[in-house]
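> 3D, please:
(2 chains)
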Amino acid sequence: MKAPLYLRIPAAVVSVAFWVFFLAVPLVTVFLSSAGDVAGTGAVMGTGMFAPATLAVVRTTVWQALLSTAFSLLAGFPLGLWAGTVLSGRAARISNALLAMPYGVPTVVVATAAVMIMGRSGLLARCGIVFEWLYTLKGLVLVHVFLNAPLVALVVARARAGVPSGAVEAARTLGAGRLPVLWHIVRPHLQWNVAGVAVQVFGLCSMSFALVLILGGGPPVETLETAVYLHVRGSWPDVGAAAGAAIWQGVVTMLPWAAVVFFQSRSGSAGAGAGGAGGLPSGHVPAGVGAWLCVFFCLLFVVPYLAYLVTAPWALWLDPSFAGGLARPVVLTLLLSILSATGALVVAAAGVFFSLTLPPPVRSVPAFLMSLPSGVSILVLGLGVWMAYGGLIDPFEGSLAAMAALQTVTLVPLVFKLLWPLAGGMRFHDMEAALTLGAIPARAFMLVEWPRWRPVVLSAFGLSLGAAAGEVAAVSLFYSERLVTLPLAMTRMMGRYDFEKAHAAGAALLVVALSLAAGASLAGDGNSSYAGKRRH
Amino acid sequence: MESLRLDGVEKKYPGFTLRASFEVGHGARAAVSGRSGSGKTTLLRIIAGLERFDGAGDFGRIMIGGDDVTRMPPEKRGIGYVFQDQALFPSMSVLDNAAFGLRMRGMGREERESLVMPWLEKTALAGQARGGVEKLSGGERQRLAFVRALVWKPRVILLDEPFSALDAGLRAAMRAELVSLHLLWPVPLLIVTHDVEDVEAVATARVPFSEDAARGVRCFG
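Below you'll find the predicted structure:
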């Protein structure tokens, strides 16, 4: 059975237009800019790209990402191995939720939480524990590790839980102790997943924006991401330098993305391998003391956010000047989230339907192209949009459409990844049966397929809403004084050392983001996944 | 001369108690049969050390030769175990699977190969020695599982429903294969099966099974 023409043509048009106008054209524009002046922007590349200052930023970006990745692995790998070995049933479900939660926290909240907890007047400082180095590379790496170690643990735990217990027992009866079992039996199952999650963490840390801006922004730690931003929206705009940084950033982020794609194909779990957060086994084995101790360690990654929520100055929201001042950002954040999530759903669904109209050998091509934005920095893409469509969009004037378009692009891989498996299991014969009984194609789809799609669509929509609500990078390129979202308002509050207000705003944002993620998970009935989600 | 002896072994589970007292002598092939869910596999797992046996309701001794192995970890017991689903290592070649027990005993690669290859030739697996196990047929997988359990010369061999996944024609061949391989290394062999034909073709002795349903006690031996 083929989808009707009125569905096939729009699906093809939306998919191709999305890819061409919002991905290919902006990226090609940025890369072509290295050849000379582009669209009168004065972007002359080549010399800037290899200037000592630019190379120093490249080094810092790669170095902080490498350190963050290494320490995230050091912290997350043993915990994941432990969790995957000892947890099952309820303990596994709890630890699964605890390890997945940090991935749903907006990075701007993570940054403010770090300041509120470890800053000079933070919670720990009041207990006599002072982190003088919070605003240095060391501080940035610490926060990156705290954010990414749970992801590593989750992926490792899931992979470890997937090791056949029979193989482990067989090895033990053949004389293998715990370490030989780990090396000969468990390692082959884990290696591609670990490699995948390592490069994914590297990619996330090299694209980290809000954290670097708040904790290291400016001279202490400048990365390519903040360099692109400062060259575009700083006091001295320099598009040429921004494009130079963007090209480097493209190289730094695309390589890990390509590696993730490769590792996922090797681990045989493209849907969840490196980026997946599928879950631990959920049998009914009663958990022992060791299992609950493991859950306790998983809980440690969530404690700071709980402390952040508990100590938040909620009363500020009763102050009319505070609440009134944030009313517009809150409304704009909600509007932008809805626009972006809807856009991502439409584009991803179009991509799925378009793929289905293609012959099987080339069906995976759209899937590959739809996942491409995962490897592109949103600021690089934003710069490309500006350079390519400079006549239409002036970032200094602000553009809600550009913000929504950029967020849509970055959310599409996540939504597509969730919808794509559904396309593989479409019951065409059942729909044909409905057609022979008199249903029009749309009605046949709604009756036969929609019950299967609904939870995943709701889940994808909820996850996208949550991710878009906390997004800063796309917003920061195209904001204006009348277009300030809640995360951006928080960033500005932090810049003005208005920590209490940022804390109150961040706590509200955290509640909203986690509620949306939890709602998405419930709606998806376990089908939801953080696979492919990104952070800015 | 090895023997396997279970002295008053008792383990409590929610809803039932498993008891076992019997001995399998050197060269003997004893069959444990009983209804599905009677605890046959659990019994093998207790003997192999794969089931915890240090709780308040656990009693008795498991002796191999003159050694009490009751509290030993599985890797120290010297038991060759053939799992119901073979549990071959998918990341290793046929040769590496077969030689795993020797490798764990610190044997070098060349020595391992020289010991394993004759076994693979005897079981018609030598041609696939360097290949992956995923390419093996059901019968070949079963033969490899036998070789892997025997080649390192264990003190006892345990087999858990080794023929259950095979079709009828292959079963008969595998029973004969098992007996001929066991003759190469005739240590005590305990086979769990629900198939009467397996018992008749392979076993030289039987471990009786009885059950007191009212008290929830299941006895082997």
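> give me the element the spatially most central residue of chain B is part of.
Centroid check for chain B by C-alpha atoms, centre = their mean gives B:Leu158 as the closest residue, at 1.9 Å. If you go by DSSP states H and E, B:Leu158 is part of strand B:156-160.
> repeat for B:Gly8
strand B:4-13.
> partners of the closest residue in space to B:Arg130 that isn't next to it in sequence in the sheet?
Counting by C-beta to C-beta, 6 or more residues apart in numbering or on different chains, B:Arg130 lies nearest to B:Ser93, which is 5.5 Å off, once chain neighbours are set aside. Glycine gets a C-beta too; all of them are placed from N, C-alpha and C. Beta bridges link B:Ser93 to B:Gly132, judged by DSSP bridges.
> Okay, and residue 57 sits in which element?
Since no chain was named, I'll use chain A. For A:Val57, the host element (DSSP H and E) is helix A:52-86.
> on that earlier part again, next one: the strand holding B:Leu158 to chain centre, how far?
2 Å (C-alpha atoms, centre = their mean, to the nearest Å).
> Now do the same contact list for B:Val207.
Residues counted as contacts of B:Val207 (C-beta atoms under 8 Å, 6 or more residues apart in numbering or on different chains) are B:Phe22, B:Val24, B:Ala30, B:Ala31, B:Val32, B:Leu190, B:Phe220, B:Gly221.
> right, and the pair among the residues you listed with maximum separation?
Spanning the widest gap among the contacts of B:Val207 are B:Ala31 and B:Gly221, at 12.4 Å by C-beta to C-beta.
> Let me see the mean pLDDT of the helix or strand hosting A:Val261.
In the assignment (DSSP H and E), A:Val261 maps to helix A:239-267. Per-residue pLDDT over helix A:239-267 has a mean of 81.
> And the next helix or strand past that helix?
helix A:289-299.
> how big is the angle separating that following helix from helix A:52-86?
Taking axes from the mean of the first three to the mean of the last three C-alpha atoms, to 10 degrees, one finds helix A:289-299 and helix A:52-86 inclined to each other by 160 degrees.
> by contact count, what packs against helix A:289-299?
helix A:52-86, helix A:89-100 (3 or more C-beta pairs under 8 Å, 6 or more residues apart in numbering or on different chains; DSSP states H and E).
> Give the closest residue to A:Met207 in space, chain neighbours not counted.
A:Met207's closest residue in space is A:Ser377 (C-beta to C-beta, 6+ apart), at 4.9 Å.
> and residue 138, how many neighbours?
Using chain A. 16 (other C-beta atoms under 10 Å in any protein chain shown).
> wait, I meant chain B there
B:Gly138: 13 neighbours (other C-beta under 10 Å).
> what's in contact with stretch B:57-64?
Against stretch B:57-64 from outside (C-beta under 8 Å, 6+ apart): B:2-12, B:17, B:20-21, B:46-47, B:52, B:68-70, B:77-79, B:155-156.
> make that stretch A:329-349, sorry
A:11, A:14-15, A:18, A:370, A:400, A:403-405, A:407-408, A:411-412, A:414-416, A:418-419, A:457, A:460-461, A:464-466, A:468-469, A:471, A:475, A:483-489, A:509.
> Distance from it to the middle of the chain?
The answer for stretch A:329-349 is 16 Å, by C-alpha atoms, centre = their mean.
> angle of the strand holding B:Gly8 against strand B:156-160?
40 degrees.
> next structured bit after strand B:4-13?
Next element after strand B:4-13 (DSSP H and E): strand B:16-24.
> can you pull the buried residues of that following strand?
Across strand B:16-24, burial judged by 16 or more other C-beta atoms under 10 Å in any protein chain shown covers B:Phe16, B:Thr17, B:Leu18, B:Arg19, B:Ala20, B:Phe22, B:Glu23, B:Val24.
> Stretch B:169-177 too?
Of the residues in stretch B:169-177, those buried (16+ other C-beta under 10 Å) are B:Leu170, B:Arg171, B:Met174, B:Arg175, B:Glu177.
> quick one: buried residues of the helix holding A:Val261?
A:239-250, A:252-254, A:256-257, A:259-261, A:263-264, A:266-267.
> same check, this time on stretch A:355-372
For stretch A:355-372, by 16+ other C-beta under 10 Å, it's A:Ser355, A:Leu356, A:Thr357, A:Arg363, A:Pro366, A:Ala367, A:Leu369, A:Met370, A:Ser371, A:Leu372.
> gap between A:Ser371 and chain B?
27 Å (C-beta to the nearest C-beta, to the nearest Å).
> Do me a favour and average the pLDDT over the helix or strand that residue falls within.
Counting by DSSP H and E, the element that carries A:Ser371 is helix A:364-371. Averaged across helix A:364-371, pLDDT comes to 82.
> Give me the contact list for it.
A:15, A:19, A:23, A:261, A:348, A:351, A:354-355, A:358, A:412-413, A:416-417, A:420, A:532.
> between these, which is closest to chain B?
Nearest to chain B, judged by C-beta to the nearest C-beta, of those is A:Val261 at 21.9 Å.
> Now do the end-to-end distance for stretch B:17-30.
22 Å (C-alpha to C-alpha, to the nearest Å).
> Centre of the chain to it, how far?
On C-alpha atoms, centre = their mean, the centre of stretch B:17-30 falls 13 Å from the chain's centre.
> Looking at residue 60 now. What's its pLDDT?
All of this refers to chain A. pLDDT, read off for A:Thr60, is 91.
> wrong one, I was asking about chain B
At B:Gly60, pLDDT is 91.
> With the one 4 residues further on instead?
B:Ile64 carries a pLDDT value of 92.
> Give me the number of neighbouring residues for it.
So B:Ile64, with other C-beta under 10 Å, has 21 neighbours.
> mind listing what's buried in stretch A:413-425?
A:Pro413, A:Leu414, A:Val415, A:Phe416, A:Lys417, A:Leu418, A:Leu419, A:Trp420, A:Ala423.
> With pLDDT and distance to chain B added, can I get those residues in CSV?
Output for the buried residues of stretch A:413-425, formatted as CSV (pLDDT from 0 to 100; distance: C-beta to the nearest C-beta, whole Å):
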residue, pLDDT, distance to chain B
A:Pro413, 89, 30
A:Leu414, 87, 31
A:Val415, 90, 33
A:Phe416, 90, 30
A:Lys417, 85, 26
A:Leu418, 85, 29
A:Leu419, 88, 31
A:Trp420, 85, 26
A:Ala423, 80, 28
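> Give me the subset of those residues that lies in strands.
Among these, no residue falls in strands (DSSP state E).
> Just those residues: which are in helices?
A:Pro413, A:Leu414, A:Val415, A:Phe416, A:Lys417, A:Leu418, A:Leu419, A:Trp420, A:Ala423 (DSSP state H).
> Which member of the residues you listed is positioned nearest A:Gly390?
Using C-beta to C-beta, these come closest to A:Gly390 at A:Pro413, 26.4 Å.
> pretty sure the closest one contacts A:Val376?
No - using C-beta atoms under 8 Å, A:Pro413 is not in contact with A:Val376; the gap is 9.9 Å.
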